[in-house]
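Q: have a look; sequence and predicted model below, questions after that.
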Amino acid sequence: MTAAPQRTCIGCRKVRPKAALVRLVRGADGRVQMDDGGRAEGRGAYVCPEPGCLGKALHAGRLGHAFKRPCEPPASGAAAILNGRVVNDKARR
Ligand SMILES: [Zn+2]
């Protein structure tokens, strides 16, 4: 067993390996975006790359709780995050 970092999905609240989750970051303007490379500064929140979890997670109230500040959901929405993740996974291989 390896001690891989674990994070809690803000959609379903399950603890999963960090690598299996999408990282979200809150910009200075309060707009939440997917942190594609996992390197953006600031507090991150994590969510499963699944429609059910993203649908729950990408609400202003849920994000505000996760980031402890008022947040705007990503303008692109859950579908774009899912699509982006699929594209990026392919590009890395
Ligand atoms: Zn989840």
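A: That came through fine.

Q: burial check on residue 40, number of neighbours?
A: For residue 40, the neighbour count with other C-beta atoms under 10 Å is 16. Where you see a C-beta, it was placed from the backbone N, CA and C, and this is true even at glycine.

Q: what helix or strand is it located in?
A: Residue 40 belongs to no helix or strand when elements are defined using DSSP states H and E.

Q: pLDDT score assigned to it?
A: With respect to pLDDT, residue 40 scores 77.

Q: same thing with residue 23?
A: 93.

Q: for it, give its distance to the ion.
A: From residue 23 across to the ion, the span is 13 Å (C-beta to the ion, to the nearest Å).

Q: could you find the closest non-adjacent residue to that residue?
A: Leaving aside its sequence neighbours, residue 23 sits nearest to residue 35 (C-beta to C-beta, 6 or more residues apart in numbering; 4.2 Å).

Q: who's in contact with that neighbour?
A: Each residue near residue 35 by C-beta atoms under 8 Å, 6 or more residues apart in numbering is listed here: 23-25, 44.

Q: for those, which one is nearest residue 57?
A: residue 24 (7.5 Å; C-beta to C-beta).

Q: remind me which helix or strand that closest one belongs to.
A: strand 22-26.

Q: same question, residue 74
A: Taking DSSP H and E as the criterion, residue 74 maps to no regular element, lying outside all helices and strands.

Q: got phi/psi on it?
A: phi -60, psi 140 (degrees, to the nearest 10).

Q: and it, how many neighbours does it have?
A: Using other C-beta under 10 Å, residue 74 is surrounded by 17 other residues.

Q: okay, buried residues for stretch 70-79 please.
A: Neighbour-count burial for stretch 70-79 flags 71, 73-74, 78 (criterion: 16 or more other C-beta atoms under 10 Å).
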